[in-house]
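Student: Curious how this folds, go ahead:
(2 chains)
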2 protein chains.
Amino acid sequence: MKLWVTCLAFACVATLASAELFSSMAHLETALYAERDIAVAIQDYIHEEEKRLDKLKKIASDFADHSEAALAGDKNLLANPINAYLYMKRFTLDWDKEVAPNFQSDPESAVHKKIEELKGYLPNYDDLRGAVTALLRLQDTYQLDTNQLAQGRIRSMMAKQMSASDCFEIGKMTYNNDDYYHTTLWMEKAMNLVALEKNRTVQRMDILDYLAFSLYKQGNVERALVLTNELLALLPHHTRAQNNRKYYEKLLEEQRRKQYRRGED
Amino acid sequence: MKLWVTCLAFACVATLASAELFSSMAHLETALYAERDIAVAIQDYIHEEEKRLDKLKKIASDFADHSEAALAGDKNLLANPINAYLYMKRFTLDWDKEVAPNFQSDPESAVHKKIEELKGYLPNYDDLRGAVTALLRLQDTYQLDTNQLAQGRIRSMMAKQMSASDCFEIGKMTYNNDDYYHTTLWMEKAMNLVALEKNRTVQRMDILDYLAFSLYKQGNVERALVLTNELLALLPHHTRAQNNRKYYEKLLEEQRRKQYRRGED
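Tutor: Numbers count the residues shown, from 1 in each chain, chains lettered A, B, ... in the order given. Prediction:
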């Protein structure tokens, strides 16, 4: 682009009527088109940013409504262990998944610091794990059905319904505690729910991954293989699933051989 | 916050009517207030972000209007060396000062890459320096008055008026070329203009800093000292200005002594 300016300097000094020389140059027209296109690109950017802010507006409005209702009167809301779990999840898993990515702010800004400070008063991941433990202890003690719990029902008490993600996250936590019994119960429920969701709150393949392995750990190798095949249909290059399939097939083959030998005895 | 969950677990297992225990806890109320305050903080954040986007909307609209006008007919617009300088400044200094800080985007995003690509077709800092050189050569050749140029007048040709910042940036570039003659002319003009600006486009202390030193370099030590004192009234701890003041005072003292001796001879 130095050419522009060299020409311009010459044109200006030589004659004040330098107009034609500069304006006829291809470079100038290219620059003007680029300026016009940049205006469009900035407008696109603004549009994307506005969508991000709309999501945050909805979240802020949810927080405002919920806290207002709970502070105004509905103080028993969180006494229900299902609501308590969903409340803990909201400020831990859901925050990290939905709020944090939409909240792009300078860590040094006043608003960023304010929110970080307030987060200190909100439930954390320890509280979340505690809420899940409480819910499962209740489920075991009163032999409550997972379907009913997921519908928000604890005998006559009613709470919010759970999403596939809500069930999936319970299953993930029990999985990490090597509790494959509860993992199987809650991942099965997550599978049922995700099939009914329009806006899926969790990926089917993620559920399949946990559920298949928990079923194997619970001794149901046959169904573990079926689900692993389903997972491989979605993700053909999933190395761990490929190895698991081989292993389950080998196990089933050995079982068949043993049964055959028993039949011979 | 672990206390919540322990209490909750106990309450749930002991009795389904766990309501009072959990909800009466001070922690819960604190959390609900924090949730309410976070809603307000997020709304404040959205408000700040919307102000940022409003600035970008204005910039996008300026770009769209300017390129449309220039492409539609006013092709001689940039043939005028003052308009050419202002056009180059717009995509270099002004972009870095006004657009870039309001454009917080992921460098990997499509819109960021698009704008970076388009910027390649726009004037760069080399073009800006070239435009200033052309303008000053014109000023010297035709002995044009700085006041008139700043008003956008080149004899009978009319261009856009310059702001204090526009004059200041010309002065800064000539200063970096050790051209103190032009620096003095354009910084003086910037000083006049900034006094009239409602929304100051440049800081008075920045002009004083360059102007004082250029005046010294041009031999006007007395006025250099006056302006350095003005600068120190605004910035009392400015070390370089403090040293310059001492130096100018010493020089003036020496001058006075020499004059005195001459008087004695």
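Student: can you give me the helices in the stretch 101-250 of chain A?
Tutor: With helices called from DSSP state H, counting those that start in this stretch, the stretch 101-250 of chain A shows them at A:110-119, A:125-141, A:146-150, A:164-176, A:180-196, A:204-217, A:221-234, A:239-264.
Student: Of the ones you listed, which shows the lowest average pLDDT?
Tutor: Mean pLDDT values for the helices of the stretch 101-250 of chain A show the minimum at helix A:110-119, a mean of 87.
Student: Which of the helices of the stretch 101-250 of chain A sits closest to chain B?
Tutor: Smallest distance to chain B across these (CB to the nearest CB): 2.6 Å, for helix A:125-141. For glycine as for every other residue, the C-beta is placed from the backbone atoms N, C-alpha and C.
Student: Now for A:M191, how many residues are close by?
Tutor: For A:M191, the neighbour count with other CB atoms under 10 Å in any protein chain shown is 19.
Student: want to throw the helices of the stretch 101-250 of chain A into CSV with distance to A:R36?
Tutor: Below are these laid out as CSV (distance: least, CB to CB, whole Å):
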stretch, distance to A:R36
helix A:110-119, 35
helix A:125-141, 50
helix A:146-150, 54
helix A:164-176, 44
helix A:180-196, 46
helix A:204-217, 44
helix A:221-234, 44
helix A:239-264, 49
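Student: With distance to chain B as added columns, please give those helices in CSV.
Tutor: Listed next are those as CSV, based on distance: least, CB to the nearest CB, whole Å:
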stretch, distance to chain B
helix A:110-119, 5
helix A:125-141, 3
helix A:146-150, 12
helix A:164-176, 13
helix A:180-196, 15
helix A:204-217, 24
helix A:221-234, 27
helix A:239-264, 27
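Student: List just the one of the ones you listed that sits closest to B:Q259.
Tutor: helix A:110-119 (58.0 Å; CB to CB).
Student: my guess is A:V99 meets A:L56, correct?
Tutor: Yes - with contact defined as CB atoms under 8 Å, A:V99 reaches A:L56; the gap is 7.5 Å.
Student: residue closest to the middle of chain A?
Tutor: In chain A, the residue lying closest to the centroid (CA atoms, centre = their mean) is A:K97, at 5.1 Å.
Student: How about the contacts made by that residue?
Tutor: Shown in contact with A:K97 (CB atoms under 8 Å, 6 or more residues apart in numbering or on different chains): no residues.
Student: Could you look up the SS state of it?
Tutor: helix (DSSP: H, G, I helix; E, B strand; the rest coil).
Student: returning to what we had before: so which of the helices of the stretch 101-250 of chain A gets nearest B:L86?
Tutor: From the helices of the stretch 101-250 of chain A, taking CB to CB, the stretch that ends up closest is helix A:110-119, at 35.6 Å.
Student: picking that back up, roughly how far does the residue nearest to the centre of chain A sit from B:Q151?
Tutor: Remark: distance between A:K97 and B:Q151 (CB to CB, to the nearest Å) = 58 Å.
Student: Quick one: distance of stretch A:212-219 to the chain centre.
Tutor: Computed by CA atoms, centre = their mean, to the nearest Å, the chain-centroid distance of stretch A:212-219 equals 25 Å.
Student: Pull it out as PDB, backbone CA atoms only.
Tutor: Once non-C-alpha atoms are left out, stretch A:212-219 reads as follows in PDB (Å, rounded to 0.1, in the frame of the first residue of the first chain):
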ATOM      1  CA  ALA A 212     -22.600 -50.200  29.300                       C
ATOM      2  CA  PHE A 213     -19.600 -50.400  31.700                       C
ATOM      3  CA  SER A 214     -21.900 -50.300  34.800                       C
ATOM      4  CA  LEU A 215     -24.000 -53.200  33.400                       C
ATOM      5  CA  TYR A 216     -20.900 -55.200  32.800                       C
ATOM      6  CA  LYS A 217     -19.800 -54.500  36.400                       C
ATOM      7  CA  GLN A 218     -23.200 -55.600  37.600                       C
ATOM      8  CA  GLY A 219     -22.800 -58.900  35.700                       C
END
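Student: tell me the mean pLDDT over the strand or helix carrying A:M88?
Tutor: Here A:M88, judged by DSSP states H and E, is contained in helix A:81-90. In this model, helix A:81-90 carries a mean pLDDT of 90.
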